[in-house]
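Engineer: Need coordinates for the below:
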Amino acid sequence: MNTQLRPGTLNFSLLFLRVSIGGMMLTHGYGKFLRLMEGNLKFTDPIGIGSELSFVLVVLAEFFAAIALIFGFWTRINAFLLSFTMFVAAFVRHADDPFSKQEKPLMFLAVFLALMFMGGGKHSIDDKIN
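Structural biologist: Residues are numbered from 1 along each chain as shown. Presented below is the predicted three-dimensional model:
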């Protein structure tokens, strides 16, 4: 029942969080990445920048930023990109939907915000290059 935060436990927890949440996001981004490679850019335009640009930015976040997050490369920047993507998904794309549709992007948003504030930890590329 010790409540002291130990650096080793914190760093392992950040590694676990990055790998698990990044992997889960990657499953969303992989299908979109395949669609992008096929040239199928059909997508919504949630923030008024065009559906094709919106789709490319979502692929960049959900696929490439998720991979970078797993490895802890530019963790805070990639967590911000993913946070923004999930914010738009929850509050713009699914704004009129029931909470059950908003719940998943909100859970992702919460974890990405935590990683944005905490960083990648000792077991990350960020730590090795700093």
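Engineer: average pLDDT across the helix or strand containing R35?
Structural biologist: Secondary structure assigned from DSSP states H and E places R35 in helix 7-38. Averaged across helix 7-38, the pLDDT comes to 96.
Engineer: Off-centre distance for the next helix or strand after that helix?
Structural biologist: Counting by DSSP H and E, the next helix or strand C-terminal to helix 7-38 is helix 51-59. Helix 51-59 has its C-alpha centroid displaced from the chain centroid by 15 Å (C-alpha atoms, centre = their mean, to the nearest Å).
Engineer: Stretch 38-57 too?
Structural biologist: 18 Å.
Engineer: now stretch 29-48
Structural biologist: With C-alpha atoms, centre = their mean, you get 16 Å for stretch 29-48.
Engineer: That one: which residues count as buried?
Structural biologist: For stretch 29-48, the neighbour count (16 or more other C-beta atoms under 10 Å) marks G29, K32, F33, L36, F43, P46 as buried. In this view, the C-beta of every residue, glycine as well, is placed from N, C-alpha and C.
Engineer: could you dump the residues you listed to CSV with distance to L10?
Structural biologist: Formatted as CSV, the buried residues of stretch 29-48 follow (distance: C-beta to C-beta, whole Å):
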residue, distance to L10
G29, 27
K32, 33
F33, 32
L36, 36
F43, 38
P46, 35
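Engineer: Most widely separated two among those residues?
Structural biologist: F33 and P46 (18.9 Å; C-beta to C-beta).
Engineer: outside of stretch 18-27, which residues touch it?
Structural biologist: With contacts defined as C-beta atoms under 8 Å, 6 or more residues apart in numbering, stretch 18-27 is touched by 62-63, 66-67, 69-70, 72, 75, 82, 108, 111-112, 115, 120-121, 124.
Engineer: Looking at the residues you listed, which one is closest to L15?
Structural biologist: Scanning those for proximity to L15, where the rule is C-beta to C-beta, the winner is G121, at 6.1 Å.
Engineer: quick one on the thing from earlier: just the contacts of stretch 18-27 now: which is nearest A90?
Structural biologist: So of those, ranked by how close each gets to A90 (C-beta to C-beta), first place is F108, at 8.6 Å.
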